[in-house]
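J.: sharing a sequence plus its predicted fold:
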Amino acid sequence: MRTLLCSFILVIASCVSAQIPLDSRTPATPSATIKAVFAGMKAGDTTGLRAYFHPDATLHSVVTKPTGETVVSSATIGRWFSGIQKAEAGDWEEELHYIEVNIDGHLASAWSPYVFNYKGELHHCGTNTFQLVKDGPEGQWRILHISDTRRDGTGDCTPVSKQTPQEAIEALASNWHQAAANADSTVFFGSMADDAIYIGTDKTEHWTKAQFLGFAAPYFARGKAWDFNATERHIFYDPNQQVAYWDEMLHTWMGPCRGTAVVKRDGVNGWKIAHYTLSMTVPNEKVQEVMEAAGEKRKER
């Protein structure tokens with residue numbers, strides 16, 4: 001039954017990845033082409049569908065059965081086109097968690113976890129992989145191949161977050177600092193990747209997550225670690241590579257400090273801190289005094 005269902009979905013449900021007609025807004029990036037496909041799917045619009053696909057485009061679906069057996073199904077673009085005509089507008093919607101893209105010349109590869117909704121209900125989920133080539137008549141990116149995985153077991157699928165990546169990262173940063181103020185070591189260290197690095201204000205403080213935990217444990221044990229409040233924060237996000245970083249100004253017991261962080265995706269909706277640097281800010285006219293206080297020799301510029 002599962003194999004039969006997947007075959008049906010490959011021909012019909014995948015077909016609902018219809019596309020809106022090409023116009024003056026011809027997709028100029030691989031992501032734009034992919035988004036146009038799924039926008040058309042949601043609208044049930046097949047007009048101009050072929051323009052988004054290379055003539056030799058192919059489709060494959062990879063399903064792992066409960067026995068552990070892998071089943072690979074294939075379909076032609078022609079069957080895809082004919083299947084979409086049988087779908088009612090709004091019945092099928094494929095939501096993408098994100099699109100990660102790598103490009104070399106006129107060849108692109110995209111990775112995109114998704115959830116598939118049938119009549120408003122989550123039906124199955126998995127990951128799409130796309131190969132695209134930039135050779136369309138208008139110089140647009142066209143889909144050369146799509147492969148996907150399918151899962152529909154209980155607990156397999158996570159709904160697409162309503163937060164933007166920037167909103168999620170903003171919440172991660174704020175909650176991380178608040179966890180220190182609340183002495184919540186579970187949230188604080190749980191927000192960091194296992195291989196995270198923390199660099200403190202002292203020149204000796206280049207710590208792994210475990211080393212930082214060892215240093216911070218007594219502070220968290222007393223019921224309050226430190227209370228840093230961001231007065232300014234800038235978030236930078238690269239949607240193609242799914243990495244981000246932020247810089248911030250902090251109000252601390254040491255006075256104004258600056259923090260910078262590198263974050264990476266953790267699952268389809270989560271983010272974790274991979275690298276954080278905390279530094280004290282020193283007015284330019286006070287640098288020599290700080291050097292002397294730190295035992296550094298005075299130097300000419």
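T.: Here it is on my side, so go on.
J.: C-alpha from now on. contacts and neighbour counts both.
T.: Fine.
J.: just the strands in the stretch 151-300 of the chain please.
T.: 192-199, 206-208, 229-238, 243-252, 255-266, 270-280 (DSSP state E, counting those that start in this stretch).
J.: quick one: the second one to chain centroid distance?
T.: Think strand 206-208. In terms of C-alpha atoms, centre = their mean, to the nearest Å, the centre of strand 206-208 is found 26 Å from the chain centre.
J.: hmm, who's touching that strand?
T.: 195-200 (C-alpha atoms under 8 Å, 6 or more residues apart in numbering).
J.: do the same with stretch 165-182
T.: 185, 187-188, 191, 220, 223-230, 235-237, 270-272.
J.: of these, buried ones?
T.: The neighbour count (16 or more other C-alpha atoms under 10 Å) marks 185, 187-188, 191, 220, 225-230, 235, 237, 271-272 as buried among the contacts of stretch 165-182.
J.: confidence-wise, which of the residues you listed comes last?
T.: Looking at those by pLDDT, the weakest one is A225, with 90.
J.: how much space separates the closest residue to that residue other than its chain neighbours from W80?
T.: Leaving aside its chain neighbours, A225 sits nearest to Y219 (4.6 Å; criterion: C-alpha to C-alpha, 6 or more residues apart in numbering). Using C-alpha to C-alpha, to the nearest Å, we find Y219 at a distance of 60 Å from W80.
J.: who has more neighbours, the two?
T.: W80 (21 against 15; other C-alpha atoms under 10 Å).
J.: gap between that one and K86?
T.: 10 Å.
J.: now S174
T.: 48 Å.
J.: same check on G105?
T.: For G105, the distance to K86 equals 37 Å [C-alpha to C-alpha].
J.: of these two, who's got more company?
T.: Per other C-alpha under 10 Å, whichever of G105 and K86 has more neighbours is K86, with 13 against 7.
J.: what secondary structure does that one sit in?
T.: Assigned with DSSP: H, G, I helix; E, B strand; the rest coil, K86 falls in the coil class.
J.: check contacts around G139.
T.: By C-alpha under 8 Å, 6+ apart, the contact set of G139 is A28.
J.: just the one 4 residues further on next, same as before
T.: Contacts were defined as C-alpha under 8 Å, 6+ apart; by that measure I143 touches 33, 52-54, 57, 130-133.
J.: which of the contacts of strand 206-208 ranks first by neighbour count?
T.: Neighbour-wise, the contacts of strand 206-208 (other C-alpha under 10 Å) top out at I197, 23 neighbours.
J.: report the two of the buried ones among the contacts of stretch 165-182 separated the most.
T.: Using C-alpha to C-alpha, the two most remote members of the buried ones among the contacts of stretch 165-182 are F220 and Y237, lying 31.2 Å apart.
J.: which ones are touching T158?
T.: By C-alpha under 8 Å, 6+ apart, the neighbours of T158 are 115, 268.
J.: ignore the last one, T76
T.: Applying C-alpha under 8 Å, 6+ apart, we find T76 in contact with 57-59.
J.: which strand runs longest in the chain?
T.: As assigned by DSSP state E, the longest strand anywhere in the chain is strand 121-134.
J.: with just CA atoms, put the helix or strand following it into PDB.
T.: Later in the chain than strand 121-134, the nearest helix or strand by DSSP states H and E is strand 141-149. Taking C-alpha atoms only, strand 141-149 is exported to PDB below (Å, rounded to 0.1, in the frame of the first residue of the first chain):
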ATOM      1  CA  TRP A 141      17.700  28.600 -14.600                       C
ATOM      2  CA  ARG A 142      15.800  25.400 -15.500                       C
ATOM      3  CA  ILE A 143      15.300  22.200 -13.500                       C
ATOM      4  CA  LEU A 144      17.200  19.300 -14.900                       C
ATOM      5  CA  HIS A 145      16.400  16.700 -12.300                       C
ATOM      6  CA  ILE A 146      14.400  16.300  -9.000                       C
ATOM      7  CA  SER A 147      14.900  13.600  -6.500                       C
ATOM      8  CA  ASP A 148      13.000  13.400  -3.200                       C
ATOM      9  CA  THR A 149      12.600  11.400  -0.100                       C
END
